[in-house]
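Asker: return a 3D structure for these sequence lines:
(2 chains)
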Amino acid sequence: MSGKTLYDKIWDAHVVQQDEDGTCLLYIDRHLVHEVTSPQAFEGLRMAGRQVRAPQRTIAVPDHNVPTTAGRDDPAQMPEESRIQVAALDKNAKDFGIHYYPVTDVRQGIVHIVGPEQGWTLPGMTVVCGDSHTATHGAFGALAHGIGTSEVEHVLATQTLIQKKSKNMKVEITGKLRPGVTAKDITLSVIGLTGTGGGTGYVIEYCGEAIRDLSMEGRMTVCNMAIEGGARAGLIAPDETTFEYVKGRPHAPKGAQYEAAVTWWKTLYSDDDAHWDKVVTIKGEEIEPVVTWGTSPEDVLPISAVVPSPEDFTGGKVEAAKRALAYMDLTPGTPLTDIKIDTVFIGSCTNGRIEDLRAAAEILKGKKIKDGMRAMVVPGSGLVRAQAEEEGLAQIFIDAGFEWRLAGCSMCLAMNPDQLAPGERCAATSNRNFEGRQGKGGRTHLVSPAMAAAAAVTGHLTDVRELMDEPVSA
Amino acid sequence: MDKFEKLTGIAAPMPLVNIDTDMIIPKQFLKTIKRSGLGVHAFDEMRYLDDGSENPDFVLNKPQYREAQVIVAGDNFGCGSSREHAPWALADFGVKAIVSTSFADIFYNNCFKNGMLPIVMPQEVVDVLMKDAEKGANARMTVDLENQVITTSDGEEFPFEIDPFKKHCLLEGLDDIGLTMEKVGAIDTFEAQAGQSRPWV
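Answerer: Numbers count the residues shown, from 1 in each chain, chains lettered A, B, ... in the order given. Okay, the predicted model is just below:
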């Protein structure tokens, strides 16, 4: 019998019951909740006269709708529908007795940034949320994935999910990254290679030297976009970097319990003889800073490339590429660095953490954004924002001409007032470049925070390495 | 939940690959706190022009497809966000089954919670069904869940695979939560044991 993967181990530790056909009842350790995908679930509970089974494992925070401008604790700042949705979360959190970080709390932020920051997310856990980017938490070696609202209701009522196991996929990034190449470039490059359906049916474990070398922030960026590759979840085996990050966080174990936890966490790795259903290997040295040119996260190219032609593709992708080029208003053969940008968005659960802001500020230090450029930084949480102010990063952004906003999902999905107008073109550190994602008719190029900062300065997509005074490590 | 047994209806061809959940239901319609009434917004940005009028070129606006109950779609249908508003919108429009070579994981699961059947077929079968769907309203396709077979308007039959538990729940219109509540004893036992072995969780 072959050994177990990390996914196998976490799965096995959470099976409540298994049916003959392999359908399992899986126990859920943490349930994160936000205002958009939960109201119908709470309504379902009320109608059935059900309670939240484990309120102590359930954490709620409003993030998708909230304005990111000053004075937002005045509900009048929100459009009526958004206000109702946030008010519904306020009420549901109170009525059902779950942990809650309201807009007025400095710890409020994007649910996937708040969870790890507060120590709710720990290695070896099962974590779910009614949000596809729940994959983020896999960076801790937690089995974390998005669910729909019916499943949100199921977890609220039973603290379990009915699941069938996915297959195991290994994505190995060998060697070292070159200067100017970041976790975002890794995760986009993987999707560029495997496609948005390449991970469908799998849980991905990211491994290899380049992954081990990443900070927790970088690992979260990598796992965050596992869903864009179609995978149910992304995982990275926990190690000293993980244990160090977790230690001392408000809801992490303390003292002897921490030591006991670390002892178990150290068993969470894939055995050498584990079985993999699919393996992808990429050389870290060969990854370049990348951008997306189209309307799917798989439309990834190195910044040194040119806009592709539909003839470069086969099958259904030919029509999709034609449509994407028309939507993006791009001509095949144009160097990517010739594409002019009018908006820059730095933030989101992909790249709204402190390290992301440091990387962008490093490029912006002493520089100004291009005339006419709209640029905003939306920290992932109130605490990230506070730390960035303490480190002097906020001032660098403000001096460069960026708007310094309050925490939330903001222009990643444009459910709040932060949106692109039709035809506007944005270099964004977020995760999706779908048609209309950042506002109807808006055009999105996904990039790393450093690349976004570079584009803000030059006014066009730019190879960040040209703006680096001296080689910095990723 | 509504039962799904067998349906004969119009199939609409949507050959575009990677139709994402932002396309199926854009974010401005996620601000509702209800499940109902989203059908009018399904595929909003493709379906309506800037002045709010219908885009006559969009498949579901064409007279022969306005009553479509089946969608035959390109690869990786439903990718992107976990929003269950996507299947809610499709179901509210009247869609009961979707056929593609592949579906995004979360969307796929969400369909079953709403009495909707997503069917995975190999490319060559999707190609045949796409051609059949392109014939319009007179060509009615039959989706038979009990016997796990799709029949084209020409009578050509294609069997499909489906998870037995998911099939059972759809056929019976079963509510997952009710089923799981019957296992509360096992959940209690698991919680007690996990509390011993991993008290920090």
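Asker: could you give the secondary structure assignment for residue A:206?
Answerer: Remark: residue A:206 carries the secondary structure label strand [criterion: DSSP: H, G, I helix; E, B strand; the rest coil].
Asker: swap in residue A:234?
Answerer: strand.
Asker: quick one: the helices in chain B, in order.
Answerer: With DSSP state H as the definition, chain B shows helices at residue ranges B:21-24, B:44-47, B:85-93, B:105-112, B:123-133, B:164-172, B:176-181, B:184-197.
Asker: contacts for the third one next, please.
Answerer: Under the criterion C-beta atoms under 8 Å, 6 or more residues apart in numbering or on different chains, residues A:148, B:21, B:24-25, B:29-30, B:32, B:35-42, B:60, B:71, B:78, B:98, B:107, B:110-111, B:113-116 lie in contact with helix B:85-93. Quick note: C-beta positions are derived from backbone N, CA and C, even for glycine.
Asker: over to the fifth one?
Answerer: Applying C-beta under 8 Å, 6+ apart, the contact partners of helix B:123-133 are B:11-13, B:15, B:70, B:72, B:99-101, B:121, B:139, B:141, B:150, B:152-154, B:156, B:158.
Asker: that one - what's its average pLDDT?
Answerer: If you average the pLDDT over helix B:123-133, you get 98.
Asker: which of the contacts of helix B:123-133 fall in strands?
Answerer: For those, the ones inside strands are B:11-13, B:70, B:72, B:99-100, B:141, B:150, B:158, with DSSP state E as the criterion.
Asker: tell me the one of those residues nearest chain A?
Answerer: residue B:100 (10.2 Å; C-beta to the nearest C-beta).
Asker: ok, residue 183 - contacts?
Answerer: This is for chain A. Counting by C-beta under 8 Å, 6+ apart, the residues that residue A:183 touches are A:214, A:217-219, A:221-222, A:448, A:474.
Asker: please go with chain B instead
Answerer: Listed by C-beta under 8 Å, 6+ apart, the contact partners of residue B:183 are A:16-17, A:25.
Asker: next one: residue A:134
Answerer: For residue A:134, the contacting residues are A:32, A:112, A:127-128, A:144-147, A:233, B:82, by C-beta under 8 Å, 6+ apart.
Asker: packing partners for the longest helix seen in chain A?
Answerer: Longest helix in chain A by number of residues (criterion: DSSP H): helix A:80-96. Packed against helix A:80-96, as judged by 3 or more C-beta pairs under 8 Å, 6 or more residues apart in numbering or on different chains; DSSP states H and E, are the following elements: helix A:39-48, strand A:58-60, strand A:99-100.
Asker: on that earlier part again, could you dump the helices of chain B to a markdown table with mean neighbour count?
Answerer: Output for the helices of chain B, formatted as a markdown table (neighbours: other C-beta atoms under 10 Å in any protein chain shown):
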| stretch | mean neighbour count |
| --- | --- |
| helix B:21-24 | 26 |
| helix B:44-47 | 18 |
| helix B:85-93 | 25 |
| helix B:105-112 | 26 |
| helix B:123-133 | 18 |
| helix B:164-172 | 16 |
| helix B:176-181 | 17 |
| helix B:184-197 | 13 |
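Asker: out of the contacts of helix B:123-133, which end up buried?
Answerer: Those of the contacts of helix B:123-133 that meet the buried threshold are B:11-13, B:15, B:70, B:72, B:99-101, B:121, B:139, B:141, B:150, B:152-153, B:158, by 16 or more other C-beta atoms under 10 Å in any protein chain shown.
Asker: coming back round to it: now, which of the contacts of residue A:183 sits nearest residue A:200?
Answerer: Sorting the contacts of residue A:183 by how near they are to residue A:200, with C-beta to C-beta, puts residue A:222 at the top with 18.3 Å.
Asker: and the closest one, helix, strand or coil?
Answerer: Following three-state DSSP, the label given to residue A:222 is helix.
Asker: pull the contacting residues for it.
Answerer: The contact partners of residue A:222, by C-beta under 8 Å, 6+ apart, come to A:139, A:183, A:186-187, A:206, A:211, A:214, A:234, A:236.
Asker: give me the distance between it and residue A:380.
Answerer: In this structure, residue A:222 and residue A:380 are separated by 16 Å, where distance is defined by C-beta to C-beta, to the nearest Å.
Asker: same check on residue A:93?
Answerer: As it turns out, when the distance is counted by C-beta to C-beta, residue A:93 lies 20 Å from residue A:380.
Asker: the two: which has the busier surroundings?
Answerer: The neighbour count for residue A:93 versus residue A:380, taken as other C-beta atoms under 10 Å in any protein chain shown, is higher for residue A:380 (31 against 25).
Asker: what separates the longest helix of chain A from the chain centre, distance-wise?
Answerer: Taking the mean C-alpha point of helix A:80-96 and that of its whole chain, the gap between them comes to 24 Å (C-alpha atoms, centre = their mean, to the nearest Å).
Asker: that one to helix A:39-48, inter-axis angle?
Answerer: The directions of helix A:80-96 and helix A:39-48 differ by 50 degrees, with axes from the mean of the first three to the mean of the last three C-alpha atoms, to 10 degrees as the criterion.
Asker: so which bits of helix A:80-96 are buried?
Answerer: Neighbour counts using 16+ other C-beta under 10 Å place A:81-82, A:84-89, A:92-93, A:96 of helix A:80-96 among the buried residues.
Asker: what's the closest of those to residue B:201?
Answerer: Set against residue B:201, the nearest of these by C-beta to C-beta is residue A:96 (20.1 Å).
Asker: now do the contacts for that closest one.
Answerer: Each residue near residue A:96 by C-beta under 8 Å, 6+ apart is listed here: A:42, A:45, A:51-52, A:55, A:58, A:156.
Asker: could you give the bridge partners of residue A:30?
Answerer: residue A:127 (DSSP bridges).
Asker: I'd guessed it sits against residue A:121; true?
Answerer: Yes: with contacts counted by C-beta atoms under 8 Å, residue A:30 reaches residue A:121, the gap being 6.6 Å.
Asker: what's the overlap in contacts for these two?
Answerer: When C-beta under 8 Å, 6+ apart defines a contact, the residues bordering residue A:30 and residue A:121 alike are A:115, A:127, A:142.
Asker: got a list of what the closest residue to the first one other than its chain neighbours touches?
Answerer: Leaving aside its sequence neighbours, residue A:115 sits nearest to residue A:121 (C-beta to C-beta, 6 or more residues apart in numbering or on different chains; 4.6 Å). The neighbourhood of residue A:121, defined by C-beta under 8 Å, 6+ apart, consists of A:30, A:115, A:127, A:137, A:140, A:142, A:144.
Asker: and the residues you listed, which two are furthest apart?
Answerer: A:30 and A:140 (10.7 Å).
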